[in-house]
Every structure is written in C-alpha cells, then in structure tokens.
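Q: have a look at this fold, sequence not included:
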C-alpha cells in the first residue's frame, strides 16, 4: 500500500511538469554534447543531432487515435462480412430446398435401375452374337 501512495497517478499539471522536465533534460544534454564537441575539436561543427520525438503523452494520444481508427475499420469490415455471409446463407438455403427433391428423385431412379438391371443388362445382347450381317 505504501508503494501506491508514493506513486500517485499523474494529473494534467503533473504531466506538463514532466514534459517540461524532459525538455530541460534534453536541452541540458544538448548543451553538454555541444561543449564536448567544442573541446574535442575534431568533430565537424555542422554535425546534426537526430531529432527527438515529442513527449510520450503526445505520442500515446496519436497512437491511441490510430488504434481507435483501426478498431473501427475492422468492426466495419466485420459488419460487411456478416452481410455477405447472411446473403450467402440465404442462397444456400434456396439451393438446399431445390436439391432435396433431386436427391429423392436420384435415389428412386437408382432403385429403378437396380430392379430393371437384374432383368436386362447392357451389353448382354451383344455377347458375340451378331444378327444378320
């Protein structure tokens, strides 16, 4: 519990204070590096330091905005896919209703072929017997 009291959550005023302290630290670090370069003398005077990113609070706000936009776009994509799947499901239902009678007709036809096939076999009339020529 003592650890929770030592690190209170930052407020807006504290956040700006942290941002200012980071800026002060960066400017002190730049001053130190400038003095070190001037003492060394061998470093070109036009050496540019890399640009530092903006304070972490500003980056996280931009990142959160990007995440929010990404999540929103993904949800819209899922809604579109649901609509497509619903349409496809409707088409499959119609196809299922159409194919049921065909399946019944096909099984009836197969039973008929089996029953008739026992009496007449294709090719059994042409077992080497030729007529007339």
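A: That came through fine. Everything quoted here is computed from the prediction, not taken from an experiment.

Q: hey, where'd the helices end up in this structure?
A: 2-6, 12-40, 56-117 (DSSP state H).

Q: residue 26 - how many residues pack around it?
A: Residue 26 is flanked by 13 other residues according to other C-beta atoms under 10 Å. All C-beta atoms are positioned from the backbone trio N, CA, C, and that covers glycine.

Q: what about it, distance to residue 100?
A: 75 Å (C-beta to C-beta, to the nearest Å).

Q: likewise for residue 63?
A: Counting by C-beta to C-beta - residue 63 and residue 100 are separated by 55 Å.

Q: equivalent analysis for residue 27, please.
A: Counting by C-beta to C-beta - residue 27 and residue 100 are separated by 80 Å.

Q: same thing with residue 39?
A: The separation that residue 39 has from residue 100, given C-beta to C-beta, amounts to 91 Å.

Q: for residue 26, give its distance to residue 36.
A: Residue 26 is 15 Å from residue 36, by C-beta to C-beta.
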